[in-house]
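Novice: structural data only, the sequence is not supplied:
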């Protein structure tokens, strides 16, 4: 008689090994955001970088006589303001009535389209701008400033200038219109400028520090 071959059970399969669950990261193990960096210093000034409205840049191969359906590429432009508390010269006549001490900020290298509304928006988290005195005698009537001109920004609060010079590096857009999502005083951003815990967006401006020659900006007091 022929021997019958033994058959293995149909369901005789090894169960797959179950991998242990991956350990979950605790709050202390989560990657932390880098701490906001203070504004860089140049001579006696703090360098405040702003992003100008982008302009349309045509490619080099573009000709004014040729028509193209492709729109020009918007190119952002960075601009550096040089700021410091107002420090009158000892030999100069007293200007405390025009530039009150502890409430006046000196700003050099202002954009040619600068207006009081621009500074009101730029420093809205630091204090209320009372007035702006332009070095070139400019009045907010739509005229352009001279390139590299300067201005004195007078605040209502005595601690506003301190808040300005203690600002951190983040993205700042040069505009004379308050963002709708932020409100008139930037409530959506939480704390005031310069305080710990404020939700400020880092945009890499700190990495874009151009090498400057050892001279102070044009338009000094």
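Specialist: Noted; the coordinates are in hand. Since the structure is predicted, the reported quantities are computational estimates derived from the model, not experimental observations.
Novice: I figured residue 165 was touching residue 85, is that so?
Specialist: Yes. Contact status for residue 165 versus residue 85: in contact at 6.8 Å, counting by Cβ atoms under 8 Å. C-beta here means a position set from N, CA and C on the backbone, and glycine is covered the same way.
Novice: tell me, what's touching those two both at once?
Specialist: Taking Cβ atoms under 8 Å, 6 or more residues apart in numbering as the contact rule, residue 165 and residue 85 both touch residue 105.
Novice: give me the number of residues near the residue nearest to residue 163 when sequence neighbours are not counted?
Specialist: Nearest non-adjacent residue to residue 163, counting by Cβ to Cβ, 6 or more residues apart in numbering: residue 126, 3.8 Å away. Residue 126 is flanked by 22 other residues according to other Cβ atoms under 10 Å.
Novice: and residue 126, how far from residue 104?
Specialist: 13 Å (Cβ to Cβ, to the nearest Å).
Novice: with residue 24 instead?
Specialist: 53 Å.
Novice: related to what we said a few turns ago, overlap of the contact sets of residue 126 and residue 104?
Specialist: With Cβ under 8 Å, 6+ apart as the test, residue 126 and residue 104 both reach residue 155.
Novice: now the helices for the chain?
Specialist: Counting by DSSP state H, one finds helices in the chain at the ranges 116-122, 160-165.
Novice: so which of those helices comes closest to residue 32?
Specialist: Ranking the helices of the chain by distance to residue 32, with Cβ to Cβ as the measure, places helix 160-165 first at 25.2 Å.
Novice: the closest one packs against which elements?
Specialist: The contact analysis (3 or more Cβ pairs under 8 Å, 6 or more residues apart in numbering; DSSP states H and E) places helix 160-165 against strand 73-85, strand 104-108.
Novice: what average pLDDT does that helix get?
Specialist: The average of the pLDDT scores along helix 160-165 is 97.
Novice: now that helix: buried residues?
Specialist: 160, 161, 163, 164, 165 (16 or more other Cβ atoms under 10 Å).
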